[in-house]
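Engineer: I'll drop the sequence and a predicted model, then ask my questions.
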Amino acid sequence: MRAFGQYFIFLGTLIVRMETFKTYYKLTLDECITIGIKSAALVILVSSFIGAVTTVQTAYNMTTPLIPRYVIAQVVREMVVLELAPTIIAVIYAGKVGSSMAGGLGTMRITEQIDALEVMGINSASYLVLPKIIASLVMYPLLVILAGTAAITAGYLVGDFAGIISPTDFIYGLRSFFDPYAITFAMIKSFVFAFLIASISSFRGYYTQGGALEVGIATTSAVTTSVIAVLAADYLLAQLLYMR
């Protein structure tokens, strides 16, 4: 409970004694490149395999001729849009980006760079952490869209090349009985996950104490806590927003 309260106090310090807009704009752009563009290749690779495997396994389990083949595309669409793209990519995002945030801030803490910022009268939490959170809120939803596109495209290609489902049936399945709210729900989840991962990872790194060993411990704790928070938020959002 102490860490939980400290986390909310930490969030409050991000919006006091703020720097100029120009300063945050430049820092946020730099973070967007680090967080988003440098993660795009990994996201495409992982989501492509997810889409391909989902298509193959769905087709393998539909052995009865009573179920039309286009249902395979419907299952892939629902699984990718609602769960696989936002949630599985969030776990990878926490491992790659979250650990980097925690490790970077932890290193700055033990080398007294954060203390130097405080001595100069700069709100170090706002200066270092707020651009990371803003960049995460901007880039992670884009990564989720990229992941969903890559997964569905991979499922389409695998289904065609392996003779599982024809392109016509796949496109028909993607379009049939489509609920546009699924996209809205996925975007809501992506914003929540982005905030949780960036803020929790930064919190763990910012309050690192000790030496290099403690930086590693803080990084591991950041990833573990972020993943647990993402899974808990995933369940709560499903209960609150999608159980209609």
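Structural biologist: Looks like it came in fine. Numbering: from 1, shown residues only.
Engineer: mind listing what residue 159 touches?
Structural biologist: 55, 59, 72-73, 165-167, 170 (C-beta atoms under 8 Å, 6 or more residues apart in numbering). For every residue, glycine as well, the C-beta is placed using N, CA and C.
Engineer: mind checking how far the residue nearest to it when sequence neighbours are not counted is from residue 158?
Structural biologist: In space, residue 159 comes closest to residue 165 once its chain neighbours are excluded; the distance is 4.1 Å by C-beta to C-beta, 6 or more residues apart in numbering. Remark: distance between residue 165 and residue 158 (C-beta to C-beta, to the nearest Å) = 9 Å.
Engineer: name the residues contacting each of these two.
Structural biologist: With C-beta under 8 Å, 6+ apart as the test, residue 165 and residue 158 both reach residue 55.
Engineer: these two: which has the busier surroundings?
Structural biologist: residue 165 (27 against 21; other C-beta atoms under 10 Å).
Engineer: which strand or helix spans the more buried one?
Structural biologist: Under DSSP states H and E, no helix or strand contains residue 165.
Engineer: how about the backbone phi and psi for it?
Structural biologist: phi -150, psi 140 (degrees, to the nearest 10).
Engineer: repeat that for residue 120.
Structural biologist: phi -80, psi 0.
Engineer: centroid residue for this structure?
Structural biologist: Geometric centre of the chain, nearest residue: residue 90, 3.2 Å, by C-alpha atoms, centre = their mean.
Engineer: thinking again about what came up before, and of the contacts of residue 159, the nearest to residue 46?
Structural biologist: Proximity of those to residue 46 was ranked by C-beta to C-beta; the top entry is residue 55 with 15.3 Å.
Engineer: so the closest one, which of the three states?
Structural biologist: helix (DSSP: H, G, I helix; E, B strand; the rest coil).
Engineer: tell me where this structure has helices.
Structural biologist: 2-13, 21-35, 40-61, 70-79, 89-93, 99-110, 113-119, 124-161, 167-175, 181-206, 212-237 (DSSP state H).
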